[in-house]
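In: Structure here, sequence nowhere to be found:
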Ligand code: RTP
Ligand code: MG
């Protein structure tokens, strides 16, 4: 049978302030990314102002956890990645595990959130949940990044 070329997909992954605050955790998460065949396309450390946090999570305004979430996400340094892999969006979310830490520990004990999560808010990582979110979120974190340009320069098999 003919071998199909790999179809790479981009996702946005973020290591949240709770995990960046602990160098051992940060390093462990970085190694998980490298160990799962993601290509690190972009990586940067940054701190959000409160209004960045409010804008990014606008879809959750009105939820009971919104203020807590906004405050947490602008409380200290984060690390953001543009990652490429086959099935990158689904694969990164699977590695993270469920949002709620108790659920993660119960259903996916090997997941990132089960191992490192502190609470349902301070749950170590973020990952885009769809192609549309990935596009929006990559633009939010890396306004100068151009996926098409990267494809042409680095990955002829990307589509
Ligand atoms: P994410 O967007 O971060 O990938 O996570 P998700 O889809 O699994 O979770 P979502 O429902 O979109 O919630 C976004 C973030 O809000 C915080 N959160 N806190 N009960 C709580 O205190 C609570 N629930 C959600 C988490 O940081 C979650 O990642
Ligand atoms: Mg979400």
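Out: That came in fine, so what should we check first? The shown structure was predicted, so the numbers you read here are calculated from the model rather than taken from an experiment. Numbers count the residues shown, from 1 in each chain. Ligands and ions are numbered 1, 2, ... in the order given.
In: who touches the residue nearest to residue 137 when sequence neighbours are not counted in this structure?
Out: Setting aside the residues directly before and after it, residue 137 is nearest to residue 12 in space (C-beta to C-beta, 6 or more residues apart in numbering), at 4.0 Å. In short, each C-beta sits where N, CA and C put it, glycine included. Neighbour list for residue 12: 80-83, 126-128, 133-134, 137-138, 140-141 [criterion: C-beta atoms under 8 Å, 6 or more residues apart in numbering].
In: Residue 60 now?
Out: When contacts are counted by C-beta under 8 Å, 6+ apart, residue 60 touches 66, 69.
In: Verify the contact between residue 6 and residue 86 for me.
Out: Yes: with contact taken as C-beta atoms under 8 Å, residue 6 and residue 86 are classed as touching, separated by 5.5 Å.
In: picking that back up, just how off-centre is the strand or helix carrying the residue nearest to residue 137 within its chain?
Out: Counting by DSSP states H and E, the element that carries residue 12 is strand 8-15. When distances are taken as C-alpha atoms, centre = their mean, to the nearest Å, strand 8-15 is centred 6 Å away from the chain's centroid.
In: does residue 37 really touch residue 85, like I thought?
Out: Yes: with contact taken as C-beta under 8 Å, residue 37 and residue 85 are classed as touching, separated by 5.9 Å.
In: So between these two, which is more surrounded?
Out: Just comparing residue 37 and residue 85: by other C-beta atoms under 10 Å the higher neighbour count belongs to residue 85, 19 against 12.
In: related to what we said a few turns ago, give me the average confidence score over the strand holding residue 12.
Out: In this model, strand 8-15 has a mean pLDDT of 97.
In: cool, and stretch 135-145?
Out: Stretch 135-145 carries an average pLDDT of 97.
In: buried sites along it?
Out: For stretch 135-145, a neighbour-count test (16 or more other C-beta atoms under 10 Å) marks 137-138, 141-142 as buried.
In: quick one: buried residues of the longest helix belonging to the chain?
Out: With DSSP state H setting the assignment, residue counts place helix 23-35 as the longest helix in the chain. Of the residues in helix 23-35, those buried under the neighbour-count criterion (16+ other C-beta under 10 Å) are 25-26, 29, 32-33.
In: Can I get those residues in TSV including distance to ligand 1 and pLDDT?
Out: As requested, the buried residues of helix 23-35 are exported to TSV (distance: C-beta to the nearest ligand atom, whole Å; pLDDT from 0 to 100):
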residue	distance to ligand 1	pLDDT
25	16	97
26	17	97
29	14	98
32	16	98
33	15	98
